[in-house]
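In: How does the following fold in three dimensions:
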Amino acid sequence: MSNANSRADRVPLPTSTSVHLESVTKEFKGHEAVSGVTLSASAGEVLAIIGPSGAGKSTLLRCINFLEIPTSGRIVIGDQSYDVTLNGPPRGNELVNLRRRVGMVFQSFNLFPHMTMLRNVALPQERVLKRKRADAEERSRDLLELMGLGDKSDQYPNRCSGGQQQRAAIARALALDPEVMLFDEPTSALDPELGAEVLTAMKRLADEGRTMVMVTHELHFADDIADFVAVMVSGRVVESGPPHDVLHSPQNERVARFIRATER
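Out: Here you go, the predicted model:
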């Protein structure tokens, strides 16, 4: 069931900003994996991108922080515009600064196995933000506590469940104080029980007023927390709008078939 009242009560965090994609296209050897996509999320909003496998969802998400270089189009993070068509992709310090502003959580956890959960969250702060070790670890403990992992700080990843590791990965991304958070199917490698732990953590972030763009196969979750849902098919956005409209009364027959198949 959609949680419209909860969404209406959200207040954007002062550190959150907007993200806007304009005519973003990504080609691979002449094939358009993403084709002219235009989407936006205002500060503090949650944008959910759904659709069948191979639709280009993850590729589009990776274009936002230039892990994939768009072939053309424009990406705007807050007051900073990156027009690939006119100027090419950001490079050097410009790219580093962009990725500091945009945190990302992947399907795989990518934690360092030889470091404790605490050090996995603290080290990026020391390397990227140049925080002192004591300050970074204090911030890390706060974030692990936020993620329900306060008692796991001194554990190594292989002693923790997949859900715990993914929540630590979210804490690590938050530690760099991003203005926008990207999530690429963060529960796809987890069983339903562990995935629910991660979804609960993500809902907490949404309710705090963080700007989030997420690719997800969890349609009930998108219905619950997203402000805006976009459905991609074959690289294009074929329908978009409020969750209640898109997920409960889709106008596009291809979208309706996808939703029916997902609900079986």
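
In: if I pick Ala173, what's in contact with it?
Out: Gly103, Met104, Val105, Met181 (Cβ atoms under 8 Å, 6 or more residues apart in numbering). For glycine as for every other residue, the C-beta is placed from the backbone atoms N, C-alpha and C.

In: Among those residues, which are located in strands?
Out: Gly103, Met104, Val105, Met181 (DSSP state E).

In: Let's see if you can find the most crowded of those residues.
Out: Comparing the ones in strands among the contacts of Ala173 by number of neighbours (other Cβ atoms under 10 Å), Val105 comes first, having 25 neighbours.

In: Tell me what that residue is bridged to.
Out: Phe183 (DSSP bridges).

In: still on that earlier bit, tell me the one of the contacts of Ala173 nearest Leu67?
Out: Met104 (7.6 Å; Cβ to Cβ).

In: Is that closest one in contact with Pro186, as I believe?
Out: No - Met104 is beyond contact range of Pro186, at 10.0 Å (criterion: Cβ atoms under 8 Å).

In: Let me know the pLDDT of Ala8.
Out: Predicted confidence (pLDDT) for Ala8: 68.

In: Sorry, wrong one. I was asking about Leu194.
Out: 89.

In: worst-scoring helix or strand of this protein, pLDDT-wise?
Out: helix 4-8 (a mean of 63; mean pLDDT, DSSP states H and E).

In: Which helix or strand lies directly C-terminal to that helix?
Out: strand 19-28 (DSSP states H and E).

In: now for the helix or strand encompassing Gly73, which elements pack on it?
Out: Take DSSP H and E as the rule and Gly73 turns out to sit in strand 72-77. The contact analysis (3 or more Cβ pairs under 8 Å, 6 or more residues apart in numbering; DSSP states H and E) places strand 72-77 against strand 19-28, helix 57-64, strand 80-83, helix 84-87.

In: Mind doing that once more with 10 Å?
Out: strand 19-28, strand 31-41, helix 57-64, strand 80-83, helix 84-87, helix 92-101 (3 or more Cβ pairs under 10 Å, 6 or more residues apart in numbering; DSSP states H and E).

In: so what strands line up beside the fourth one?
Out: The reference is to strand 80-83. As defined by DSSP bridges, the strand partners of strand 80-83 come to strand 72-77 (antiparallel).
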